[in-house]
Structure formats: C-alpha cells, structure tokens
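1. I'll drop the sequence and a predicted model, then ask my questions.
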Number of protein chains: 2
Amino acid sequence: MVKTIFNPWEVSGNVDYERLVKEFGIERLKKLPKVFEENILFRRGFVFAARDIGRIMLRIKDRKPFVVMTGLMPTGKFHIGHSLVLMQALFYQKLGGRVYISIADVEAYNARGQSLEDSRKIAKEYLTDYVALGLDLKKCDVYFQSERGKDSKKSNAYYRLQNLFAKHSTFNEFKGVYGEISPGKMISSLLQAADMYHPQLKEFGGKPVPAIIPVGVDQDPHIRIARDIARRFNNKLIPISSSYHVFLPGLKGGKMSASDQNSHICLTETPAQIKNKINKYAFSGGRETLAEHRKKGGNVDKDVSYQYLRLFEEDDSKLIEIKELYESGEMLSGEMKAYAIEKINLFLKAHQVKRAKAAKVVEGFFA
Amino acid sequence: MVKTIFNPWEVSGNVDYERLVKEFGIERLKKLPKVFEENILFRRGFVFAARDIGRIMLRIKDRKPFVVMTGLMPTGKFHIGHSLVLMQALFYQKLGGRVYISIADVEAYNARGQSLEDSRKIAKEYLTDYVALGLDLKKCDVYFQSERGKDSKKSNAYYRLQNLFAKHSTFNEFKGVYGEISPGKMISSLLQAADMYHPQLKEFGGKPVPAIIPVGVDQDPHIRIARDIARRFNNKLIPISSSYHVFLPGLKGGKMSASDQNSHICLTETPAQIKNKINKYAFSGGRETLAEHRKKGGNVDKDVSYQYLRLFEEDDSKLIEIKELYESGEMLSGEMKAYAIEKINLFLKAHQVKRAKAAKVVEGFFA
C-alpha cells in the first residue's frame, strides 16, 4: 500500500476528499447560484468545497466589491494542475473581484532555499501563462512577498501585519497544522497570513471588503491558521473565505507534480511531447483485455485521460457521450487517449500563440 | 541569597561582570585610544567590554564613515540608567558615526503586549530626553520598527532582510539564547537582527560600512544571535561591532528598573523627589555606627550615591577626593548622599530646561 502524505508542501498517495472535508471542517458545495453552475470548475465538481463562501456569493449578487487573493510559489514548471487556481481566480475576477497575486519568493527562499533572483525568473514564466489564460495584469495587484509595492505606506502596513500577527500565534499551532516547522517556514506562514488579510487594511483601499482565496485543498492549513490568527488579532478583520479544488491527477495518478516531468503536462509542451506522454504514462481505466473491456466497459473515475477531458472538453453533452461510450465498452482506452491528446493539443496550440504575446506583456510589466 | 536572573528581558540579583565577559565571549576593554579615554564612560569603566571594536577604532582613526545603531523599547519611564546607551551613541556620533535609532514598537507589542499607539506616546518622551541630552534628530535616522520610513525601497529592503534571515536561524538557537521563546519574541529577534544589519544594505547608502551597537551587557544575546544569523546569510555583511556598559545600580542596588519607581531616577523628577528618594532608598556603603565609620571608612563600591557621582561628577580629581574622604572615614554616608543629591539636581535642573525646548523639537519631528 502506498502511504498517503498530505500537507501543504507534499501530497502523494490517494486523497480521500470526503475525509478531508470532515477533518478540515470545510463545507461541501451543494446547490450553487446559476452564475457558478455556468462555470466548468463548479459545475463539474473541480471546486468541491469552501469556507464562508456565502459572504462572497452575497457580494456577487449585490454587485458589491470583494477581493480575490491568490498566490504562486514560483518553483518548478507551471503545469495544467496549477492552472486550476488561476481559473478560479479568473472566474471571481469576471464577477467583479479585485485580484491580488502574491508571488511567494520569501516562502520559496525559506521553504525551498531558492534565491529571489531565481524566483523572479520563474515567476515571469508563471505570469506569462496567467496572462495567456486570460489574466489582465493591469486589473491586478501583483507583488513579490520580498517587495510589497512602491508605496511605503502600503509596504509598511503589509509587513507590520505580519509582525503583529506573530503575537497571536503559538509554536504549537504551527506544529499542529504543518507538522515539521522551522523559523523560516513559520515566518513565511505569518507573511502568508498577511498576504491574505492585508487587502483589508486602510492603506489598501479604505473600507475592508470580504476576500475569497481560491486554493487546492492541500493549502487549507494555511487558510485555517491565518483565520485563527486574524480572529485573535482584532475583531475588525473579516474572516477570509476560501474555495477548494481537487487535484488534477498526474499522468500516473496521484497529484500532478511540478518536479516530475512524467507526471505533469506543462503549458509549453509540444504536440509530440503530449502524445508521447499520454500514450506512455497516462493511467488507464480500461480492462486487462480487449474482450473484457468490450464486455464490462472502462472506469472513467480511474482514467486519467478522461479526467483531463473533464477540464478540456467544454461541451457537456460530448463529455457525457464519451463517458457512456467508455463505460459501455464501445470506446477503448487508446481511443480515449487519442481524444484527450487531440483536445489538449488544440488547447495548448491556442495557448502557446497567446503565450508568445503574453511574454511581451509580462516583460513590460516587470520593466 | 537572592537568585540572579539574567536575560535580555529581566535582570535581577548581583551581576558578576567578569563571569559575563567569559560566558558571552566578549573582550574586556584595556588600553584605549586617547579620544576614548577622554570620555567619562570609557575612562571610568562604565563601558567595560566590546566585540570587534578595533574595526570601529580604525574607522575613527582614519576618519572614515561608520554607523552607530541603537534602539529603544518604549516601555516604562526613561531613567538615568537608560541614558548610558544614549551617552555611548552620542560619543560615537561626535566621532563621525551616523546614528540610526530603531524604536522597538514591534518588540514592545510582541514581548509586552503594548499597543503601537502607546509605544508612539512613550517614544516621544524618550526622544525628548535624547534630544535634551544632546542628540540632533536631523542628523539621525529615527524610525519605528512597524514603519520603516517613507521610501518604499528602504521599507521593503528592511523587512526583506528580516524575512530572509529566518532561513538562517533555528528554533534551538533562539531557545538557547533567550530561554523561553514565542513566535512573537522570535520574529522580534529577527526584526532586531534586521535593525542591526540593514544600514549595510545598498538601499541604505550604497557601500556597507561597519556598525557599532552600544548596549547594556544584558542585551548581548541579541547581538550574538544577529551576528550568527548574518554570518550564515551571506559573506558580504560586515559583522556588527558592539560595546557594553555596566548597569547603573538602582537606588536599592541591582539594576535600575523602569517599572519600580523606588529603584530609578527619572529625568523628569523634581529636586524634592530626588532628595527624598536618595535619602530614603539609596543603599549606603557606610558602616553600622558613626564610630566604626570614622575608624574603618566607607565602601564606595557598595555606595549607590557614590556610584551615581561617578556619572555626575565630571571632575576626576574631585571624584578621587570624595573617594578618599569616604574610605578614610572623614566623609559620612549622609554627606555622600547630600553631595549626590546636589550634583544630580544640578544636572536635572539644566536637563529639564533643555527638555522643555526638546519637547517642541520632538513634536515637530513627529508632525
């Protein structure tokens, strides 16, 4: 049996989402407003749970301002698994959310030993994908944790919040939430709590507005500890809301990993690479023999290619058709792979055209 | 026997300076350059030990720039014991040092639970005494830890240093150096390390210059941990130098305490208060009976009034005369007290006139 490891820095083995919902005390999403159902992530259950999302739904309904706070730790390659966070953020942005993006170069330094210079280079690559996926940098507040803007009132307020949050935390809660902890990880966690709450400070736009933080469910410990600390800090800060997506499986199953190239699909890969990877590595939900498959049908839940199609085949009826064909045994694993390769390559082709333009935008943004 | 407690937040009981020199691994000051000997603090052994002070002496000799980094935690009343740090700083400033003053409001919040607003009020009082004692605010960089200046490049660089320093520290060393430690104390210690080293960053004036940190010897743990962290951080930072003063004894002996008004002499007290306090509380080095005193003489080392005169009687020959008179039994404890009261009140009278003017300067500085 594969041991399941689950913490904000590492996920491996099988993830039992039902158990996580109970353990973390998050709410499973049920009936959703129409505008949410129209989005593929919510409709298809990629985003499956949340905390205090009602507060955000109300702001959306009333067309009142709210904040979308997201972060990226620029280590390894940006892959399609990463894109779920951004897709969530873009969804909220379209509904009126003001997007903040924290580039976690301090965390990358403290938790991974990566230099700020390397983080800057890799962050450019990530942001290029973000822009190609639809992010309008001009409508965002993008910053590095090591350098909070050009307005000293804002810089001071941001780091002040980190420093004062420390008083309202204990070593034991860091250990309880993160397992192993070092001064570097602890100070990064406090900075992340400041990331999540600083948009509410008066220096960042006056009246506090609610913030939603879209994350992979493995990041919930960060959310929990930030909420606890902020509650003790004062009663003026509005508790952050959060919504959680499942992991896009890696090619071989488990979570898609930035460091294992046979597990992930990067947004810069070529059609030949995708074809080769999926054919060679993508875990199949098909049966042992052709005869058995024709008779009993395949398992879409286990089939990684089908799981990718849930993200890349936007047409619901087409997706249902594929599911039925596969489960009935009419469609074979090879055919499923071929269809997934086609859809993914179509997406990547368009993305890479946008990416070339986006690279210039990002260069301009950093200049 | 009184238990001796000795850490950066509390000192009580008798302090064995020789033992501290050995335990802390600091250097006892011996032969000093003339310019040091001319200063009462060095000549009379108030400043008795140092780390790497040779580097600073060389800068002074060569008339090259150096930094004087000092801090104040604005809790309790400013008393004559506190003034030793500033007197050290003023000495270095006159020799060409560029003075930085960090107002440790973050530390006061994290270690004492004091609000930033209260710290601001108390800091004004402290700085008023600083200015009255001779500090020229215009020639200093004075800042609050919670608000590092109006230049975002500087603000960012300062807090960045704190955040990156974390990677190069361990929980065990904080525990080893401080005894009990909390996230708040830990983050404050990292911020204090940033205080000590940030003047060397390119954002604060280009080429790194050596810095001297004048402190009471109880603050050495802060110095040690900052030096260790900075050495691991990179090899570009010049290790900070430090010089250590003994404690001015409290009226009843031990260290002068900001929270015990029968132990300290504040710079705002009236002649009547001083007279009353010294007569009532000042520990005497005299003998049990008049006859015994006349025969055996008093002990100046134990006599608190004499210890104060070491600071307030600037005339060396007069001080020697008093010592001889007391040790020979010619001078009585009451006479010693009367002389100390006179000298201290003379000083305070002049100080309080300057203080009234200084208050306006400080108000203007904060406005």
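-> Right, received. Where do you want to start?
2. in chain A, which spans are strands?
-> Assigned by DSSP state E, the strands in chain A fall at A:5-7, A:10-12, A:27-28, A:47-51, A:66-72, A:97-103, A:140-144, A:211-216, A:241-245.
3. with mean pLDDT, distance to B:Val35 and mean neighbour count as new columns, can those strands be given to me in CSV?
-> The C-beta positions use only the backbone N, C-alpha and C, and glycine is treated the same way. Shown next, in CSV, are these (pLDDT from 0 to 100; distance: least, CB to CB, whole Å; neighbours: other CB atoms under 10 Å in any protein chain shown):
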stretch, mean pLDDT, distance to B:Val35, mean neighbour count
strand A:5-7, 52, 58, 14
strand A:10-12, 50, 59, 14
strand A:27-28, 91, 71, 14
strand A:47-51, 96, 64, 21
strand A:66-72, 96, 53, 24
strand A:97-103, 97, 50, 23
strand A:140-144, 96, 45, 20
strand A:211-216, 96, 58, 24
strand A:241-245, 97, 62, 26
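4. out of those, which is closest to chain B?
-> Closest of the strands of chain A to chain B is strand A:140-144, at 8.8 Å (criterion: CB to the nearest CB).
5. now that closest one and strand A:66-72, what's the angle there?
-> Per axes from the mean of the first three to the mean of the last three CA atoms, to 10 degrees, the angle that strand A:140-144 makes with strand A:66-72 is 30 degrees.
6. now the strands of chain A as TSV including distance to chain B?
-> Shown next, in TSV, are the strands of chain A (distance: least, CB to the nearest CB, whole Å):
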stretch	distance to chain B
strand A:5-7	18
strand A:10-12	19
strand A:27-28	29
strand A:47-51	23
strand A:66-72	15
strand A:97-103	13
strand A:140-144	9
strand A:211-216	21
strand A:241-245	23
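7. ok, now which ones touch the most centrally placed residue in chain A?
-> Geometric centre of chain A, nearest residue: A:Val85, 2.8 Å, by CA atoms, centre = their mean. Taking CB atoms under 8 Å, 6 or more residues apart in numbering or on different chains as the contact definition, A:Val85 lies against A:70, A:72, A:214-216, A:245.
8. for the strands of chain A, give me CSV that also has distance to B:Val300.
-> Below are those laid out as CSV (distance: least, CB to CB, whole Å):
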stretch, distance to B:Val300
strand A:5-7, 64
strand A:10-12, 66
strand A:27-28, 75
strand A:47-51, 69
strand A:66-72, 64
strand A:97-103, 62
strand A:140-144, 60
strand A:211-216, 66
strand A:241-245, 68
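9. please work out how many residues are found near the closest residue to A:Lys150 other than its chain neighbours.
-> Of all residues not flanking A:Lys150 in the chain, B:Ser152 sits nearest, at 5.0 Å (CB to CB, 6 or more residues apart in numbering or on different chains). Burial of B:Ser152, expressed as a neighbour count using other CB atoms under 10 Å in any protein chain shown, amounts to 20.
10. tell me what the longest helix belonging to chain A is packed against?
-> Secondary structure of chain A per DSSP state H: the longest helix is helix A:333-366. In terms of contacts (3 or more CB pairs under 8 Å, 6 or more residues apart in numbering or on different chains; DSSP states H and E), helix A:333-366 is packed against helix A:116-133, helix A:271-281, helix A:304-312, helix A:316-328.
11. of all the ones you listed, which gets the most neighbours per residue?
-> Comparing the helices and strands packed on helix A:333-366 on average neighbours per residue, with mean count of other CB atoms under 10 Å in any protein chain shown, the densest one is helix A:304-312 at a mean of 22.
12. quick check: mean pLDDT of that helix?
-> Averaging pLDDT along helix A:304-312 yields 96.
13. what's the answer for stretch A:181-189, then?
-> Average pLDDT, stretch A:181-189: 94.
14. what about it, near chain B?
-> Yes: using CB under 8 Å from any CB of the partner chain, stretch A:181-189 reaches chain B at A:182-184, A:186-188.
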